[in-house]
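Novice: Structure for the following, please:
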Amino acid sequence: MNKNDLRYIKTEDNLRQSFLKLLQEKPLRQITVKDICTTARCSRNTFYLHYGFKEDLYEALLNEVLTSLRAAFTMNVARLSDVNDAVLRMYVDQIVDGVLPTKETLKILIRRDNGVFEQKFTAVIYDGVSHSGIGLSSKTDTPTSHLYYHYLASALTGFIFYWIGSTDLSASEVRDTLLGIHGGTMMTIVDYLNDNDSQ
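Specialist: Sure, this is the predicted structure:
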């Protein structure tokens, strides 16, 4: 079947939405292909045209969410010296604005996570922050810079998972809190990466 066909796309969306609905009710291990098909009102044959196993559907859902978030964690600047309070504010806004469209899906995935999603989420953030300085500094690929990237990725994951999973703060409150926490750390990294600093 053609994956660009409108019927295929609609069925794919239906399967994912049905799967998310089931994940709200019970963990992945308790969901069967029959449950997914019943909720999606489709046959098992239809399911198997799209996925070999329910785990493949879960993986596709994770990848879709993570792909949509990837750009939110990359700071785009021409020079490290361009990073200032206004740029950090835009970066924090970019992160929050990137997360908001997937907030309800994230809430479900976080609630049912067995550690796999958190690990993948952290890797996406790591990829974003580590690529932000490429070409801007000779220090972007040092052991110290990678420690910074890992710290940032883990901290951002913890912040976002707690925000989505355990609070009902407004987007504005989240932006201000994240800027207060994240801004200083970002400036420390920028100072380290700045080629004008002595190593």
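Novice: Next, give phi and psi for residue 43.
Specialist: phi -80, psi 160 (degrees, to the nearest 10).
Novice: Check it and give its pLDDT.
Specialist: Listed pLDDT for residue 43 reads 95.
Novice: do residue 173 as well
Specialist: In this model, residue 173 carries a pLDDT of 96.
Novice: Show me which parts of stretch 171-189 are buried, residue by residue.
Specialist: In terms of neighbour count (16 or more other CB atoms under 10 Å), stretch 171-189 has its buried residues at 174, 175, 178, 179, 182, 186, 189. Every C-beta, even on glycine, is put in place using the N, C-alpha and C of the backbone.
Novice: neighbours around the closest residue in space to the fifth one that isn't next to it in sequence, how many?
Specialist: The shortest distance from residue 182 to any residue that is not its chain neighbour, by CB to CB, 6 or more residues apart in numbering, is 6.3 Å, and that residue is residue 92. By the criterion of other CB atoms under 10 Å, residue 92 has 21 neighbours.
Novice: coming back round to it: can you tell me which of the buried residues of stretch 171-189 comes closest to residue 130?
Specialist: residue 189 (10.5 Å; CB to CB).
Novice: need the contact list for that closest one.
Specialist: Residues near residue 189 by CB atoms under 8 Å, 6 or more residues apart in numbering: 145, 148, 152.
Novice: Identify those among the buried residues of stretch 171-189 that sit within helices.
Specialist: Counting by DSSP state H, the members of those that fall within helices are 174, 175, 178, 179, 182, 186, 189.
Novice: Could you work out the most separated pair of the residues you listed?
Specialist: 174 and 189 (21.2 Å).
Novice: any idea of the pLDDT on residue 35?
Specialist: Value listed for residue 35 in the pLDDT field: 97.
Novice: so what's it closest to, chain neighbours aside?
Specialist: Distance criterion CB to CB, 6+ apart; nearest residue to residue 35, sequence neighbours excluded, is residue 22 at 5.7 Å.
Novice: okay, now that neighbour: neighbour count?
Specialist: Neighbours of residue 22 under the rule other CB under 10 Å: 22.
Novice: Quick check: it vs residue 40, distance?
Specialist: Residue 22 sits 10 Å away from residue 40, going by CB to CB, to the nearest Å.
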